[in-house]
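Engineer: test case, fold it:
(3 chains)
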Amino acid sequence: MHEPQPETVQIHINGKSVRVATGSTVAVALTLTEQACRISVRHEERGPLCAMGICMECRVTIDGVPSRLACQTLCQPNMDVRTHG
Amino acid sequence: MASVRQHSFDVLIVGGGPAGMAASSTAAAHGHKVAIVDDNPSLGGQIWRGRSFSSASKRAADKTAAAWYRKVQNAQITHLSGLRVFDSAQAGVLLAESQDGPNSQYGQWELHYRKLILATGAQERFLPFPGWTLRNVLGAGALQSMVKSGLPVAGKRIVVAGSGPLLLAVAAYMRAHGAQVVEICEQASMGQLAAFAFGLLASPERILQGMQYKLQLLGTPYRTGCWPVAAYGTQRLETVVLSDGRRTREIPCDYFACGFHLVPNVELPALLGCHLKNGFVEVDPLQQTSVPDIYCVGEPTGIGGLEQALVEGEIAGLASTGRVEQAQPLQRERKKMQSFTERLEKAFALRPELRRLPDAQTIVCRCEDVTFSQVREYASWRAVKLHTRCGMGPCQGRICGTAGEFLLGWNANSVRPPILPVRFQTMAVAPAIQEIKSQNG
Amino acid sequence: MSSSYDAIILGAGIVGAACALECARGGMRIAVVEGDVVGGGATAAGMGHIVIMDDSMAQLELTRYSQLLWAELAPELPEDTEYETTGTIWVAADQQEMEEVYRKQAVYGQQGIVTKVLDRPALRKMEPNLHPGLAGGLLVPSDAVLYPPCAARYLLEQAVRHDAVVVPKKAVRIGNGRVELNDGAILESQRIVNATGTAASDLTADLPMRKRKGHLVITDRAPGFVRHQLVELGYLRSAGSSTADSVAFNVQPRKTGQMLIGSSRQYDADHKEVDRSMLVRMLQRVQQYLPGIADLSVIRTWTGFRASTPDKLPLIGPYSDDPTIFLATGHEGLGITTSLATAKLLMNYFTGSRSAIPLEPYLPSRILLEAQHA
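Structural biologist: Numbering: from 1, shown residues only, chains lettered A, B, ... in the order given. As a prediction, this is how the structure comes out:
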């Protein structure tokens, strides 16, 4: 059986459009586009560590709501993602 | 303001991985009202998640997965996805928060149960080393989760390191997805692996063969007695440095997948008052914990892997619905697996050299950026938390606490609600417990 | 090694640590007995609000005096003490509470304490996240905040620099110049200072103290969300009540950008678990004042016990039955603020030197005498 080509979904990261495969998490979109999720207390760039909702490193602002976990949030059409919050 | 949604179940399962799936589909078989609550968008846990992205769906492991997905689909099970359980309101009531999708209100969910099955799984153990906070240094299972969640890795150079059988599974998975797995580094020595797990004639090749990864990992070096000592890069990862205790090698790579075996997620069991022993939830042969009507299955009872998780899930599914006799053959099966769990633990015990991985400036607590030099003088978890802020951030010590247990002997098991960060508005909702009681008569 | 000291301080909370430093700096040979984490008791459950309070004139004098001592010490405090002069805004919900603002301003003014009345627009400008319907408030610019466990540790470290000895043991019995430790060892002194907070009653019988439970909540970082410690004017009513369980809006900006949230008061709640109904009441109160806080994350909740006395004043000085036992406890919710003044007054008593404010209102004999007369 041949697997159907996954469709894509467009989201906005810090105002820039990004297109990823449907079903991708926001953490995937950020990693693909080589962007940090947050800036740490000592001003280091941070990305996902555990990818399962435990380390909280991937928290970003999604549609205006702060501290959402990029690794547990699926990209939805026109989602607005803000990093470094 | 956040709303309250109330639901009542005969059997509630926390955790939608294999153990939780087995428990729920087994419990639901006789018309009991059953629900699975899980914080991820879909079922499958870390091991089976995101099957839609898997191109290697014909593998043997996936047959097992497919069978259990079918069972769950065919059973009458309420699946509450994207819900994070954060507190227990009283015996028989868990509180969860939904974080589902854009523009949706956060809500408090009151989940009432007669029987509770905890299938909360495990997390990877992370140990701090210089550079471990760089982007693209992540857990071994974590990188696999990312790929399962849509991250393409074709052509990427990946080093897999740390400890445990998961490294092999991850490496094979990356290879299957077109990545160039440069090498796999297992911190355990060959002697250690041989003595406890794979017989006296152990060799890297035999281990790969024994674990059915030989063909999938053909051409990828599997080094035992080898561990990471540093990662370098400016904005993100560029190279990793590996050591065997005698010499070091620096290897360029795109991703460094590094986890030191698994530690159980026992925050919820601990919050509910379940007795722990050596960090694991103590259960009887029917998976019953020290707290009446609460069962625990899978990794929180011992890191035993997929098969054990499934069997334990089935046992609890039967026991929680009064079918104790049917559970007996499964209990025998479960007992046979016990020694595997113990051997696994010994085989992948961490070597003492790893206690010297962090240097003075290495960040131990990633939430609060507390360095090793700040924490190493404190003997107790409580003291280090109060005086350095280590463990006081949003992960509540899940990363630095487990590292500190190994590095400095802390006993990082303090649990307080909320067991995960929760929205202020969710926390500020008064429980409406009385109402549902009267509804139920 | 001699086990005899000029004074033995029991407890290394912020009060014990301050007493140890004051005595050691005065040339006394000091032992501090603490079997647990430094600053791990009520100190760890205090908000660290260095606040002037005017429930009584004696309370006003003590808090004012101690605040000045903190301001003097501030330049030498290490960074992890997170000392910051944020000021307090006593928030008035309506016109009736605005009258309380003017009353408070007059009382503070008589003591030479600078305050500023804020009308609705002024309050809004200073704290844009407060509910726009609030009537105004009173700004007390000299109030400060700090992180108590690190402050206690610093005071103790300074005491050790002045040759104080820390004995990491638990005192099990005290009296007649002797302190018996949990390992059976005996320390001797003619001045044994019981500064063990709510645990003081375990070592000294019949203290006029009750435990008063409080809840605290801390959020994730949201720098600038509030800028001053914000307390509702109804707080005094809440704190002053001797019977009912109460909550009051009390939010503090931490230097980290987090918000520390109080406060609840419960008598006779002995278990230290978080009480959901109190927590919910407290958080709902906060949401009324700061609606925008709803989307922020709560990352931790915890509880602690205040040692409260009938007249809301601490017990500082000799305990009548035994001339070798002294008290430095009963600070209720003001232990962090008044720790430094407590230490000064105790030292004044020991040396017979003149104190900056009268000692009498805080002497334990005031309550013990009252109890005998009753």
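
Engineer: of all the residues in stretch C:89-96, which ones are buried?
Structural biologist: The neighbour-count check on stretch C:89-96 (16 or more other CB atoms under 10 Å in any protein chain shown) flags C:89-93 as buried. Where you see a C-beta, it was placed from the backbone N, CA and C, and this is true even at glycine.

Engineer: next one: stretch B:176-188
Structural biologist: Buried-residue list, stretch B:176-188, by 16+ other CB under 10 Å: B:177, B:179, B:181-188.

Engineer: ok, which pair from those residues is furthest apart?
Structural biologist: B:His177 and B:Ala188 (26.1 Å; CB to CB).

Engineer: coming back round to it: the buried residues of stretch B:176-188 also near chain C: which ones?
Structural biologist: Near chain C, judged by CB under 8 Å from any CB of the partner chain, there are no entries from those.

Engineer: pull the number of nearby residues for the residue lying closest to B:Gln123 once chain neighbours are set aside.
Structural biologist: Spatial nearest neighbour of B:Gln123, excluding adjacent residues (CB to CB, 6 or more residues apart in numbering or on different chains): A:Ile54 at 5.1 Å. If you count neighbours by other CB atoms under 10 Å in any protein chain shown, A:Ile54 ends up with 24.

Engineer: for B:Gln288, see how far away A:Ile54 is.
Structural biologist: 27 Å (CB to CB, to the nearest Å).

Engineer: coming back round to it: tell me which of the buried residues of stretch B:176-188 fall in strands.
Structural biologist: Members of these lying in strands (criterion: DSSP state E): B:181-186.

Engineer: okay if I get these as a markdown table plus distance to B:Pro352 and pLDDT?
Structural biologist: Conversion of these to a markdown table gives the following (distance: CB to CB, whole Å; pLDDT from 0 to 100):
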| residue | distance to B:Pro352 | pLDDT |
| --- | --- | --- |
| B:Val181 | 28 | 97 |
| B:Val182 | 27 | 97 |
| B:Glu183 | 23 | 95 |
| B:Ile184 | 22 | 96 |
| B:Cys185 | 17 | 97 |
| B:Glu186 | 16 | 96 |
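
Engineer: tell me which element whatever residue of chain A ends up closest to chain C falls in.
Structural biologist: Of all residues in chain A, A:Ser67 sits closest to chain C, at 4.8 Å by CB to the nearest CB. Here A:Ser67 sits within strand A:65-69, counting by DSSP states H and E.

Engineer: tell me which residue is most central in chain B.
Structural biologist: Central residue of chain B (CA atoms, centre = their mean): B:Ala122, 2.3 Å from the mean position.

Engineer: now the strands: where do they sit in chain A?
Structural biologist: A:8-13, A:16-21, A:38-39, A:45-46, A:59-62, A:65-69, A:80-82.

Engineer: rewinding a little: where's the residue nearest to the centre of chain B relative to chain C, distance?
Structural biologist: Applying CB to the nearest CB, to the nearest Å, the value for B:Ala122 to chain C is 23 Å.

Engineer: got a pLDDT number for the residue of chain A found nearest chain B?
Structural biologist: Chain A approaches chain B most closely through A:Ser24 (3.2 Å), counting by CB to the nearest CB. Per-residue pLDDT puts A:Ser24 at 94.

Engineer: didn't it look like it was pressed against B:Met146?
Structural biologist: No: with contact defined as CB atoms under 8 Å, A:Ser24 and B:Met146 do not form a contacting pair (9.5 Å).

Engineer: what are the pairing partners of the strand holding A:Ser67, and which direction each?
Structural biologist: strand A:59-62 (antiparallel) (DSSP bridges).

Engineer: would you put the C-alpha positions of the partner strand in CSV?
Structural biologist: Extracted C-alpha coordinates of strand A:59-62, given in CSV (Å, rounded to 0.1, in the frame of the first residue of the first chain):
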residue,chain,number,x,y,z
ARG,A,59,7.7,26.9,25.8
VAL,A,60,6.6,29.5,23.4
THR,A,61,3.7,31.9,23.0
ILE,A,62,1.0,30.5,20.7
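
Engineer: what sits up against it?
Structural biologist: A:26, A:30, A:37-38, A:66-70, A:73, A:79-83, A:85, B:102, B:394 (CB atoms under 8 Å, 6 or more residues apart in numbering or on different chains).
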